[in-house]
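# My questions are about this predicted structure, shown below with the sequence.
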2 protein chains.
Amino acid sequence: MNASAKPERTRLSAEDWEDAALRLIADQGVGALAVEALARQLGVTKGSFYWHFRTREALLQAALERWEQYGEKEVISQIEAMPDPRARLPELFRRVAHEIAPHRVYAALLKALDHPQVVPVMARVSQRRMEFLTTIYSEAGLSPDEALNRARLTYAAYVGFLQLNFTLGLPRISHDEFDAYVEHMIRTLTPA
Amino acid sequence: MNASAKPERTRLSAEDWEDAALRLIADQGVGALAVEALARQLGVTKGSFYWHFRTREALLQAALERWEQYGEKEVISQIEAMPDPRARLPELFRRVAHEIAPHRVYAALLKALDHPQVVPVMARVSQRRMEFLTTIYSEAGLSPDEALNRARLTYAAYVGFLQLNFTLGLPRISHDEFDAYVEHMIRTLTPA
DNA sequence: TGCAATCCATACTCATGCGTATGGTACCGA
DNA sequence: TCGGTACCATACGCATGAGTATGGATTGCA
């Protein structure tokens, strides 16, 4: 509401625009990514934008690549470091369930799969995560076929949950109820 | 490519526009719903449209309500008519899995949840389906809490699958592989 | 201090897509 | 057959948002 929205009023870099783009995408979706809106939000005008990027498409591309880089590396590596394979799945489930912020961009991109630029990025990211899940299920004792199908099921449940709760506001689930849901998921999807 | 695209060249009704709108939504999403594009596709001009509808928004509203009406009534009633409660879930899973066409609109609307008009419609439809699922799980022997959570999980898996396969083209799963996945889902999500 | 390179503002053009105004044509009952 | 209603075409106005042209301001560096 005051000057805190425009901190320091310094000059901008391409990365600043990309970060702002990702924030806007997380909040309002890819369709709302307009250069003049972004410029207003950053306290400048289009003149600045078109110095850093050739086109709006170029910004989206750069923002997507930046998001793909930042990735989910730390979560994956931390899970892989756990000694007991059977303990990995519950831990993964609980972690993902309680860190909502990083998934907001993914949820927004999920709704923009008609846009040609986001499809390959989402395909790569989803593929990597699926392979990771498949590996964990394998190490937890499932056969290759079972592990793959269980990974598909788990990942679909994850994606569907994002849609149904982030964007659609289905019967606003309470915090305790959500925890119970996660534990139910673990019991149902994790090999006994 | 020829005249078969414009059949009979008769006059149009509001319902014709609504059906065309739903077809376009299923194919290209809510964002692609433009009156001039629709008019071209129907072989007329905007002049026709604005006789039947006051605005683009009104068309979307009418189309959504029409879609909600058509509903999933027959599937639900047929499943409910089955005598053995334990047999209902596998049957439901297999049916839904093999009738893709009716779910294309739902999948498209799922990507348009930022649009204020679609949210209430999707909320109602999803809510009804969730309640139906919860009931079936209850009748199959789960406790109320377990039934609700299992319904959430199942429905999330359904929604996620739509996203990952319709829109994103993840490693194009073959027909046999898909059947195996469905059976895996039944084994995993259905009470033993 | 001065001069480039970097960064940004202002003022345009242009395309798209919604909505309106108005006149024309097809169909239907009296 | 004739008038009125239902349906459609054409030609606009108008807002939005991308992209361009050009000049001004600011910074790093010699």
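Good, I have the coordinates. Numbering: from 1, shown residues only, chains lettered A, B, ... in the order given.

# Residue A:163: what's it in contact with?
Residue A:163 makes contact with A:107, A:110-111, B:110, B:113, B:159-160, B:163, according to C-beta atoms under 8 Å, 6 or more residues apart in numbering or on different chains. No exception for glycine: its C-beta is placed from N, CA and C like everyone else's.

# how does it look with 10 Å?
A:107, A:110-111, A:170, B:110-111, B:113, B:122, B:126, B:156, B:159-160, B:162-163 (C-beta atoms under 10 Å, 6 or more residues apart in numbering or on different chains).

# In helices only, show me those residues.
The helices, defined by DSSP state H, take in A:107, A:110, B:110, B:122, B:126, B:156, B:159-160, B:162 from the contacts of residue A:163.

# any idea which of the contacts of residue A:163 is least confident?
Among the contacts of residue A:163, residue A:170 carries the weakest pLDDT, at 69.

# thinking again about what came up before, out of the ones in helices among the contacts of residue A:163, who's nearest residue A:144?
Lowest distance from residue A:144 to those (C-beta to C-beta) belongs to residue B:160, with 22.0 Å.

# right, and that closest one touches residue A:161 too?
Yes - Residue B:160 is within contact range of residue A:161, at 7.5 Å (criterion: C-beta atoms under 10 Å).

# Close to DNA strand D: what parts of chain A are there?
By C-beta under 7 Å from any atom of the strand, the residues of chain A that approach DNA strand D are A:11, A:33-37, A:46-47, A:50, A:54-57.

# Might you name the residue of chain A sitting closest to DNA strand C?
In chain A, the residue that lies nearest DNA strand C is residue A:47 (1.7 Å; C-beta to the nearest atom of the strand).

# That residue: what's it in contact with?
Counting by C-beta under 10 Å, 6+ apart, residue A:47 has contacts residue A:39.

# host element of it?
In this assignment (DSSP states H and E), residue A:47 forms part of helix A:46-52.

# can you check residue A:115 too?
Short version: residue A:115 belongs to no helix or strand, going by DSSP H and E.

# what's near enough to touch it?
Counting by C-beta under 10 Å, 6+ apart, residue A:115 touches A:30-31, A:33, A:60, A:64, A:109, A:122, B:29, B:31.

# So what does it look like in phi/psi?
Torsion angles at residue A:115 (phi, psi; degrees, to the nearest 10) stand at phi -80, psi 120.

# if I look at it, how far off is residue A:64?
Counting by C-beta to C-beta, to the nearest Å, the gap from residue A:115 to residue A:64 is 10 Å.

# by contact count, what packs against the helix or strand of chain A with the lowest mean pLDDT?
Lowest on mean pLDDT, DSSP states H and E among the helices and strands of chain A sits helix A:73-80, with a mean of 85. Counting contacts by 3 or more C-beta pairs under 10 Å, 6 or more residues apart in numbering or on different chains; DSSP states H and E, helix A:73-80 packs against helix A:85-98, helix A:118-139.

# out of those, nearest to residue A:73?
The nearest among those, by C-beta to C-beta, is helix A:118-139 at 10.3 Å.

# now the angle between helix A:73-80 and that closest one, please.
Here the directions of helix A:118-139 and helix A:73-80 differ by 10 degrees (axes from the mean of the first three to the mean of the last three C-alpha atoms, to 10 degrees).

# Just the buried positions in helix A:118-139, please.
A:118-119, A:121-123, A:125-126, A:129-130, A:132-134, A:136-138 (16 or more other C-beta atoms under 10 Å in any protein chain shown).
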